[in-house]
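Undergrad: Curious how this folds, go ahead:
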Amino acid sequence: MKNVYLTGFMGTGKTVVGKILAKELNKDFIDMDEAIVQNEGKKIADIFASEGEFHFRKVEKELLKELSTKRDLMVSCGGGLICDEENLNVLRESGTIVNLQASPEVIYERIKETTRRPLLNVDSPLEKIKVLLNKRQFYYSQAHYCLDTNEITPEAVAEKIIAILKVEQ
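TA: Okay, here's the model as predicted:
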């Protein structure tokens, strides 16, 4: 079976839903951000601070290319990964893209206590979320499927994705 790539903004549930799906579908789960942290030996915020976003995106792209050569993976992608045309093509060719969406306010509530989100270490994180969502919306809309996670449990999101994948087979 093709890989399943969960895309979407931070705080939309990619990791939580991905872990549930991997267990339910008996797939290996890869959180790309966690894999990068392990490979680089640094937290993402530290990578951004010391090497910059460009370096992070380069590492992210290399990891995606490696994962795309495998099968039967459940992959939680970084929030900005899909915003690169080359990455988008790799995602499309090697798997099914499911984009998870939530409102800026819901995202903010889910992540406001977290300090490991380097793009949101600003004076007005909610405004930054709105700006980034607006900038990324075109790319997020390129996913094969889009699901709203605002008022639904991660388990219910996983059930919806399982139903989609059954139809696809």
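
Undergrad: Show me what the strand or helix carrying Glu24 is packed up against.
TA: Assessed by DSSP states H and E, Glu24 sits inside helix 14-25. Counting contacts by 3 or more CB pairs under 8 Å, 6 or more residues apart in numbering; DSSP states H and E, helix 14-25 is packed against strand 3-8, strand 28-31, strand 73-76, helix 154-168. C-beta: built from backbone N, CA, C; applies to glycine.

Undergrad: Run through the residues that contact the closest residue to Leu126 other than its chain neighbours.
TA: Using CB to CB, 6 or more residues apart in numbering and skipping the chain neighbours, the partner closest in space to Leu126 is Tyr108 (4.7 Å). Shown in contact with Tyr108 (CB atoms under 8 Å, 6 or more residues apart in numbering): 11, 125-126, 129.

Undergrad: Looking at those, which are in helices?
TA: Secondary structure from DSSP state H places 125-126, 129 of those in helices.

Undergrad: three-state assignment of Ala35?
TA: What DSSP: H, G, I helix; E, B strand; the rest coil gives for Ala35 is helix.

Undergrad: Would you confirm that it contacts Leu63?
TA: Yes. Assessed by CB atoms under 8 Å, Ala35 is found in contact with Leu63 at 6.0 Å.
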